[in-house]
Structure formats: C-alpha cells, structure tokens
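J.: predicted coordinates and the sequence they were generated for:
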Number of protein chains: 2
Amino acid sequence: MVSEGERRQTTIYDVAAAAGVAPSTVSRAFSRPGRVRAETAERIRAVAAELGYRANPQARALTTTRTGMLALVLADVTNPVFAEVVRGAGRACERDGYTLLLAETEESAEKERAMVDRAQGSVDAIVLTSSRMSDAAIRQIAKVEPLVVLNREVPGVPSVLVDFEPAMRRITEHLAELGHRQITYVAGPEASWADGMRWRGLRLATEHLGIRLRRVGPVAPTVAGGQTAVVDWDDHRTSAVVAYNDMVAIGIVRRLTASGVRVPEDVSVVGFDNTPVGELVTPALTTVAAPLRALGETGASNAIALAAGARSRATDPIRLPTRLIVRESTGPARD
Amino acid sequence: MVSEGERRQTTIYDVAAAAGVAPSTVSRAFSRPGRVRAETAERIRAVAAELGYRANPQARALTTTRTGMLALVLADVTNPVFAEVVRGAGRACERDGYTLLLAETEESAEKERAMVDRAQGSVDAIVLTSSRMSDAAIRQIAKVEPLVVLNREVPGVPSVLVDFEPAMRRITEHLAELGHRQITYVAGPEASWADGMRWRGLRLATEHLGIRLRRVGPVAPTVAGGQTAVVDWDDHRTSAVVAYNDMVAIGIVRRLTASGVRVPEDVSVVGFDNTPVGELVTPALTTVAAPLRALGETGASNAIALAAGARSRATDPIRLPTRLIVRESTGPARD
DNA sequence: ACGGCGGCGGCAAGCGGTTGCCACTTGTTG
DNA sequence: CAACAAGTGGCAACCGCTTGCCGCCGCCGT
C-alpha cells in the first residue's frame, strides 16, 4: 500500500507512536533482547512489521561505531584465484551477518591505498589480499583498523596464508620420484610475495633432495608470460619445469609443444593454483591446489573476530595446507 | 604522532576549534565549494589535513540519505562471466567515487532477497545480475530504490543486456556458410533468462535461413553438463551444435572426442561467452564475446545516475553488441 | 510498616555531520 | 548618502538510533 513518491522511511518514532511506547523502548526491543518485557517487545515487533519498519544502518552506526561491513581488497576479481577468495570471504560475512565491500586495485599500490582509505571509515575490518603496499604502510593501517592480510607476512599483523613450503616439497618429491634431477623454476612477478615463497620452498626442497635448480623470469603471470619464458629453451633445458602458476604453465606447455617438445614425454611441467582451466587443457596440468576459499573465509572471519574485540594480535600466521594434484603434464624423466 | 589505544576520530568540531571557525564552516569548506571564502577554506583544509581529519561517512549519510555505495548482486563471482561484470561495475564506481558492495547469492532466490534486503538501507542504488527473482518482486524493489537489472528484462525497470539476437544470427550465418543445414542447441538452466533469449534468437535465425533446429537439455551450465548432453548422440546427430555457453561446449567437445567423433571435422561446436578457457582448450572454441565488462560498467553507472536523480525510468533496455569469435571448433560440414 | 531491590519504561543527551536562516561586512547603485 | 545585494560565517535544529540514568511499581525480607 505504498503511495506515490518520496515516502519517508518509517523510523522508531513512528513505531513508538503506533505502539504507544517511547522510542527508546522500540530501540531496545530490537537490539537489547530481555531488556524489555516479552509481551511489549512482541507488540512492538508486530507494529514494526506492520509499518514495514527497517532500522537505518547509518544512524545505528553513528552511535555504535560499527557498520557491520567488511572490506576485501584485492587486485583482480577476474583472476580465478581471487574470485575463490571472494567467495570464501562472502561466506564468512554471511555467516556473521556482515556485508562485503569489495575493492579492486588492479595491481596498483596507489589505488590500493586509496581504496583502503575510502573503506576505512565505512567498515569494521579490512582484509588485504596479496597487498602491494609496504610492510610499514600495512602496519600503519593495522593500528587504526582491524586488519588481516592474506598471502603476505607482515610481522605484528594477523595473517593467513597458503603453506607454500610443503607444497613445493611435494612437487619436488613427485618430480624426483619420476626421476627428474634438474628443475627450472619460471618465476612470476618480482613484487609477488607468493613468488618469493614458492622459489624459497623450491630451493629448500631441491637442496634437500640434491636436485639441480635453475630459475628463469620473472614473467607476467599469464599464458603469454609463460610463452616468453622458454624462448632460449634449447640452451638450458631441464627435464622438468615448475611454473609460477597455472597460466604460466599453460604458456610454457604451448610454447614447448609448438616447437616440437612433447609434454610430458620430453619435459614435465607443473603449475600452481589448480585453476579450473588446468583440468581442461591438453595435457591436463599437474598442479597444486591451494585452499583459496578457506583462505578468504578464515581471513574474513578472523577480521570479523578482531572487529568484535578479539585482541589476539601478535599471533603467528595461520598456514593453510595444500594438495598436489597429479594429472598429465608430468611424467617419467627420459634419461 | 598517534598515541596509544582508543583514539577518538577527529571530527569537524576538532578542526573547527583548531581553525577558529564554526563547525558548519568546516562542513561547508568540504562539501560546498564556493560557499566559503577561498582562503578560509584553504586554511581549514590545511588544519584538517594536519589533524588527519576524515569525514565520518555514516554521519554524513544520516542527513544526506546518500551513502555513496552501490550494491551489485550476482550468483557467483567464481564464474568468469560475472567476474567480468564485477570488474566493470567496479570501474564505474571508482569513476564516480562510489563504493562497491558485493553480494553473492549462490543461485538462491531467497538469499538474493535477503541480500537485497540487507543492502537496501545501505546503498544508493542496486544492480541485479541475472536475477532469480520474479518480475513482481523486482518491480517492487525498483519502486523503493534505484535499481537496474542486467541480462534480464523487466518492464518498467531500467535494464541493460547483451543483445542476443544478432549474436545468434551471426552464429547461424557462420554455420550456414560452412554448409551446415541442421543445428542442435544444447540448452542451459531453464530459469535462465539468457537461455531463453539464446534459444529464441537461434530459432528466429534458423527459420530465416531455412536451417533445421533441434533442442536438447536443459543441462547444468558446466563441463559436466555438456558431457551429459550428448549421451544419445548417435540417434540425433546434427553436423553442428550450439551450446548454452563455453563450459557446456567444452563438455560436449570432450564427450564427442572421447567417443571418436572429431571436432570440427565431424561436427562443429560453438560456445558462448568467450570465457578465457575457450582459447586454451583443444580445439580452441568458436564462441561469441559478450561485452561483459561494459555490461557491468554501464549497468552500474546508470544505477548511479538514477541515484543521483535521473528520472529516466520507463526507458527501453540498453542492448550491448556482441562479436563472433571464430576459432577451431567450427569447420565445413561434411555432407 | 518500611527500606531495598529488581524489572521495565521513559527522558534526554549525544553520535558527527548538514543546512535553513539570520547577521554582519563590503561593495554597488540610484 | 541611504538602500540594497552579494558574499561569508555562525547558530541551532535536525537526521535516526543508542544508552546512561532516573523513576515508578510491585515484591520481598525483617
């Protein structure tokens, strides 16, 4: 029964008047259960429903300083890896009655700053994914606002990250079992924390197993990037290559295949991230699955907990386990 | 120079005191350029900057009833199609200084309702992508809040959509040119407005060109769905099949290939959406590219315009053009 | 009978901005 | 020189909700 135009939202005052109580009582009926006699509360609820009352979030936030919103900032939703993280964060938010605010930085540190800045006042907590900002900047934000970083380690700031070391070890073992004695790592963007961790993990593992490791790159984390990685392949071939991620791996495979090198007969290629494409491509990619959804989810819910007052600051990072997925792009080394 | 703990945010009152003016002047210095003498404004700005003043969005919203936020609700960010839309909407928001609020419904109409409900009070406008709600429900929301729907036509509600008809015509012509005289359409989810449009467009085009059209499905809009679509292929084979989307097309190709049917030599397959995978798969998919980014962008900016007072309600839907991308999954019909 | 207490509801003061209106200065005009 | 308009700044009343505090009432203990 809405009449035309500009209808003012109904407020607690309207409800109060209609129910014959004070506004404060209406407020309490909703936000302070038990503080009001059950029957009164019931009556108020009924009247409110009848009038279509809906609390004004801004007004509430003004006094409580809590908005019930969580900001997730990341580089690119279009990247399946991040999309998965968004999904996880969304779930956590829904569970806790929070609203998700999404900020895409498109890889720019300044944009990231700007978005965080903007969000700051509007949200109860912030989750930074693969941040491009400096440790100092991040720490600065963390002291003003509940903050958790994903896939990044900033001392003193809560973080949750994919546990790369065992992942790289598993890859190395897998390759070693197949008889490979040297591996090429094709690096991703230098600014990438993940790249650093993967390289490090790989170095540790190969050292331990006595495998020779070579590094090329950095290349763009894309198919095109992967293709550029193997231009001078003949001069430095190894029987196995580990790529920064699936896209790069696919690029490598294509390039190799195009120049007559067969995968996995001639060289084995392993990706990272378990992107959906990895399964669809020929040969299907051996890769490692990271719990991206869980990353987003625990990140968000920790942030929310922080906002709710959990003062568990100086904790160690939470590390999420990975899983090696062996498909067709890896095979026995041809001696 | 931040001291420990619970520091209260600095407000216009603090700035006013420090600058020796009234709070209202501070307010105007920021939100009403020209209303205050230039030098005064400058001084206020300086003081504000010094004190690290940041307007409280909630307080502002309380009086202005404008939050500067836009809600984008969609089923699944994990779907590249939607991810692209998000990206577009994000761009539009950034351009206009808006903040993006993202709601994932995971295909559930109830969740969609709930999220819209929640968002309602917090945003200036809403963009619904491939909504699962009834026309009536959507219209209801539209009369309370600026709303635009994407890929959906609801009379009286502003909408922007991919122009399917020419797209399907292009597909049909392409196939006809290759000598195909019958086409199978593998349908997507029944609830999908897009599916209806694609089928309709295909019917029109095939009729016009005198091509026989058959329909199978519906199937899930996934690779698995596509695989189930061709179980009884031998009984009803056509030389060409048009799939609901790229995923389904890939499923079809795999199934066909697995049972010894070659693509495109024996049958041509065309997808829809120009998902990134389409290019990576073998054979690379012929498909149609929809301007998804633009869809999100114009949707969002129209919604923002609406919020800003544009009363261009009863307009016709905006239709965005598509582009046929011919790759390797289509070829001459073998007579 | 009286003081105390717990349960319930109302009063009113904010929260941090915005804005209509008024007042004071200057500059302009007849 | 008076009247007036434009340019600036301040006052104070909100916006809608929360919350500390007070008051009223009925009940209990002694």
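T.: Ah, there it is.
J.: which residues does residue A:257 contact?
T.: residue A:263 (Cβ atoms under 8 Å, 6 or more residues apart in numbering or on different chains). Quick note: C-beta positions are derived from backbone N, CA and C, even for glycine.
J.: helix, strand or coil: sort out it for me.
T.: The assignment at residue A:257 comes out as helix when based on DSSP: H, G, I helix; E, B strand; the rest coil.
J.: check the gap between it and residue A:325 for me.
T.: 21 Å (Cβ to Cβ, to the nearest Å).
J.: same check on residue A:196?
T.: Here the criterion is Cβ to Cβ. By it, residue A:196 lies 23 Å from residue A:325.
J.: over to residue A:168?
T.: Separation of residue A:168 from residue A:325 (Cβ to Cβ): 14 Å.
J.: which one of the two is surrounded by more residues?
T.: Set side by side, residue A:168 and residue A:325 show more neighbours around residue A:168, with 25 against 16, by other Cβ atoms under 10 Å in any protein chain shown.
J.: what's the closest non-adjacent residue to the more buried one?
T.: The shortest distance from residue A:168 to any residue that is not its chain neighbour, by Cβ to Cβ, 6 or more residues apart in numbering or on different chains, is 3.1 Å, and that residue is residue A:201.
J.: doesn't that neighbour fall inside a strand?
T.: No: secondary structure of residue A:201 (three-state DSSP): helix, not part of a strand.
J.: now do the contacts for it.
T.: Taking Cβ under 8 Å, 6+ apart as the test, what residue A:201 contacts is A:164-169.
J.: what does the stretch 151-300 of chain A have sitting close to chain B?
T.: For the stretch 151-300 of chain A, the residues in contact with chain B under the definition Cβ under 8 Å from any Cβ of the partner chain are A:223, A:250, A:276-277, A:280-282.
J.: dump those into CSV; add neighbour count as well.
T.: Conversion of those to CSV gives the following (neighbours: other Cβ atoms under 10 Å in any protein chain shown):
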residue, neighbour count
A:223, 22
A:250, 24
A:276, 19
A:277, 25
A:280, 21
A:281, 24
A:282, 14
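J.: between those residues, which is nearest DNA strand D?
T.: residue A:276 (43.0 Å; Cβ to the nearest atom of the strand).
J.: isn't the closest one right up against residue A:83?
T.: No: proximity of residue A:276 to residue A:83 does not meet the contact threshold set by Cβ atoms under 8 Å, at 10.0 Å.
J.: measure the nearest residue to residue A:213 once chain neighbours are set aside to residue A:238 for me?
T.: Computed as Cβ to Cβ, 6+ apart, the closest residue to residue A:213 that is not its neighbour in sequence is residue A:206, at 4.3 Å. Separation of residue A:206 from residue A:238 (Cβ to Cβ) stands at 11 Å.
J.: what touches both of the two?
T.: In the contact map built from Cβ under 8 Å, 6+ apart, the residues linked to both residue A:206 and residue A:238 are A:183, A:212.
J.: and the two? Which one has more around it.
T.: The neighbour count for residue A:206 versus residue A:238, taken as other Cβ under 10 Å, is higher for residue A:206 (24 against 20).
J.: what's downstream of the host helix or strand of the more buried one, the next helix or strand?
T.: According to DSSP states H and E, residue A:206 maps onto helix A:193-209. As assigned by DSSP H and E, the chain's next helix or strand after helix A:193-209 is strand A:212-216.
J.: would you agree residue A:43 falls within a helix?
T.: Yes: the assignment for residue A:43, made by three-state DSSP, places it in a helix.
J.: and it, what does it touch?
T.: Contacts were defined as Cβ under 8 Å, 6+ apart; by that measure residue A:43 touches residue A:19.
J.: and chain A, which residues reach DNA strand C?
T.: Where proximity means Cβ under 7 Å from any atom of the strand, the interface of chain A facing DNA strand C comprises A:20-25, A:34, A:36-38, A:40-41, A:59, A:62-63.
J.: by pLDDT, give me the weakest of those residues.
T.: Across the residues of chain A next to DNA strand C, the bottom pLDDT score, 86, is held by residue A:34.
J.: how close does that residue sit to residue A:41?
T.: Summarising the geometry, the distance separating residue A:34 from residue A:41, computed by Cβ to Cβ, is 9 Å.
J.: ok, those two, which is more surrounded?
T.: Relative neighbour count places residue A:41 above the other of residue A:34 and residue A:41, with 19 against 8, counting by other Cβ under 10 Å.
J.: isn't the more buried one right next to residue A:31, touching?
T.: No: with contacts defined as Cβ under 8 Å, residue A:41 does not count as touching residue A:31, sitting 11.1 Å away.
J.: tell me where the stretch 101-250 of chain A has helices.
T.: Counting by DSSP state H, counting those that start in this stretch, one finds helices in the stretch 101-250 of chain A at the ranges A:109-120, A:135-142, A:164-177, A:193-209, A:223-229, A:246-258.
J.: out of those, which one sits most buried?
T.: With neighbours defined as mean count of other Cβ atoms under 10 Å in any protein chain shown, the helices of the stretch 101-250 of chain A peak in mean count at helix A:246-258, which reaches a mean of 24.
J.: I'm done for today, thanks for sticking with me.
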